[in-house]
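# Can you look at this prediction? I've put the sequence above it.
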Amino acid sequence: MSLHPIIRLAGACAAAVLAGASPALAHTIVGDRLFPVTVTIDDPGVNDELALPTFATMTSANPDGSPGPISYNLGWGYGKTITADLGFSIGSQGYNWQKRPDAQGWSNIETQLKKVFYQNAAQEFIFAGAASYEWAHTGSPQSASLAPDPFSTITGKLFIGKGFGDASVDWLRPFAVTGEFDYSIPTATANSDGGLNPRTVAYGATLQYSLLYMNSHVQEVPDLFRRLIPAFEAVFTTPVSNIPPPDPSLFSPNTTTGVFGPSLYYIGNYFEVGVMAQIPVNSASGRNVGIAAIVDFFLDDIAPNSIGKPLFGPPQPRSGRY
């Protein structure tokens, strides 16, 4: 699913920035570092998890500056490890609805195969790649008031994560960064009405400050805060080829869209809850601050000897969380 899933709001102008987003999946542990699943981008590992539900809302803007539709989304995602460094996931943006005017519909289903190419526990570093496929005609029919894309989309992805637990100064050690880069290719260059379907790149990053890590490896923090990971996130989508000609009544088709903003994650023993304030970077991305949230269940911790273990080989080490 193109960049994390959670925030594609089909049918609204604000959705242009979110069209890369996928159902979010997976928290990753590398050495002593836990990389949480974040709202804007996927984390860089593979795990057994269930994201249910994901939620997002955004108010779009019209090209003349007036408010556009208010869009809402409820999505889901399931991830299953094949081996400790190879995983499969399936999910969807799920159910989309909007007001002004009223409309609703189901998104297409997307599947993904993801491989961790390299990780270094001592340096808290991980690098991975994935290929995903959004399956046309697996959501609402084209007759729906809010229909999904009538074509399939193939996306190649790269992921990276780096924790700073190896830093020489204590105040830096709780910090971590993650990043994702996607290249999406529609299987149809044009729709039946002649409208072009552009190829796009989507790219995003997070800057995290783990109080969970600080409490375990730097110094104790009050109980109220020790399971929290505040972060700052951003994600952008840019059309790169097969771009439609300009239409004076619409936003420019080659405009980069995106959101950024602060987020906060609570890490429990078996689940994670996260919320983000999404600030649009321009009027093509949205009109007001949007909200996105996720509840993610750690199946690899809930049932490590059954549904939470890889199909083949030993599980990933789970030490270092607390």
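That came through fine.
# May I see the buried residues of stretch 201-215?
Neighbour counts over stretch 201-215 (16 or more other C-beta atoms under 10 Å) mark 201-206, 208, 210-215 as buried. C-beta: built from backbone N, CA, C; applies to glycine.
# meant to ask about stretch 127-141, not that
Buried residues in stretch 127-141 (16+ other C-beta under 10 Å): Ala128, Ala130, Ser132, Tyr133, Glu134, Ala136, Gly139, Ser140.
# how far does that stretch stretch from start to finish?
Terminal residues of stretch 127-141 are spaced 38 Å apart (C-alpha to C-alpha, to the nearest Å).
# contact partners of that stretch?
Residues outside stretch 127-141 that contact it (C-beta atoms under 8 Å, 6 or more residues apart in numbering) are 1-2, 22, 42, 44-46, 92, 105-119, 146-161, 187.
# Can I get the buried part of the residues you listed as one PyMOL selection?
Per 16+ other C-beta under 10 Å, the buried members of those correspond to this PyMOL selection:
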select buried, resi 1+2+22+42+44+45+46+92+105+106+107+108+109+110+112+114+116+119+146+147+148+149+150+151+152+153+155+157+158+159+160+161
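# what's the neighbour count on Phe298?
Using other C-beta atoms under 10 Å, Phe298 has 24 neighbouring residues.
# so what's it bridging to?
When bridges are called by DSSP bridges, Phe298 pairs up with Glu49.
# Give the helix, strand or coil label for the closest residue to Thr38 other than its chain neighbours.
Closest residue to Thr38 apart from its sequence neighbours, by C-beta to C-beta, 6 or more residues apart in numbering: Thr206 at 5.0 Å. Per DSSP: H, G, I helix; E, B strand; the rest coil, the local secondary structure of Thr206 is strand.
# how close does Pro36 sit to Leu311?
24 Å (C-beta to C-beta, to the nearest Å).
# actually Val39, not the one I typed
Val39 is 29 Å from Leu311, by C-beta to C-beta.
# With neighbour numbers in mind, choose between those two.
Comparing Val39 with Leu311 by neighbour count (other C-beta under 10 Å), the higher total belongs to Val39, at 32 against 12.
# So the more buried one: helix, strand or coil?
The three-state label given to Val39 by three-state DSSP is coil.
# Which parts of the stretch 101-250 of the chain are helices?
With helices called from DSSP state H, counting those that start in this stretch, the stretch 101-250 of the chain shows them at 211-217.
# pretty sure Phe175 is in contact with Thr206, am I right?
No. Checked against C-beta atoms under 8 Å, the pair Phe175 and Thr206 is beyond contact range at 10.9 Å.
# The top strand by length along the chain pairs with which strands?
For the chain, the longest strand by residue count, based on DSSP state E, is strand 67-83. Here strand 67-83 has these sheet partners by DSSP bridges: strand 49-61 (antiparallel), strand 86-99 (antiparallel).
# among the ones you listed, which is nearest Met276?
Ranking those by proximity to Met276 (C-beta to C-beta) places strand 49-61 first, at 9.0 Å.
# Quickly list what Gly129 is bridged to.
Taking DSSP bridges as the rule, Gly129 bridges to Lys115, Leu158.
# ok, now Phe35?
Thr28.
# what's the distance between it and Ile160?
The value you get for Phe35 to Ile160, if C-beta to C-beta is used, is 10 Å.
# Also Pro36?
15 Å.
# got it, and Phe312?
Taking C-beta to C-beta, one finds Phe312 at 26 Å from Ile160.
# quick check, nearest of the buried residues of stretch 127-141 to Ala56?
Out of the buried residues of stretch 127-141, the member with the shortest distance to Ala56 (by C-beta to C-beta) is Gly139, at 16.5 Å.
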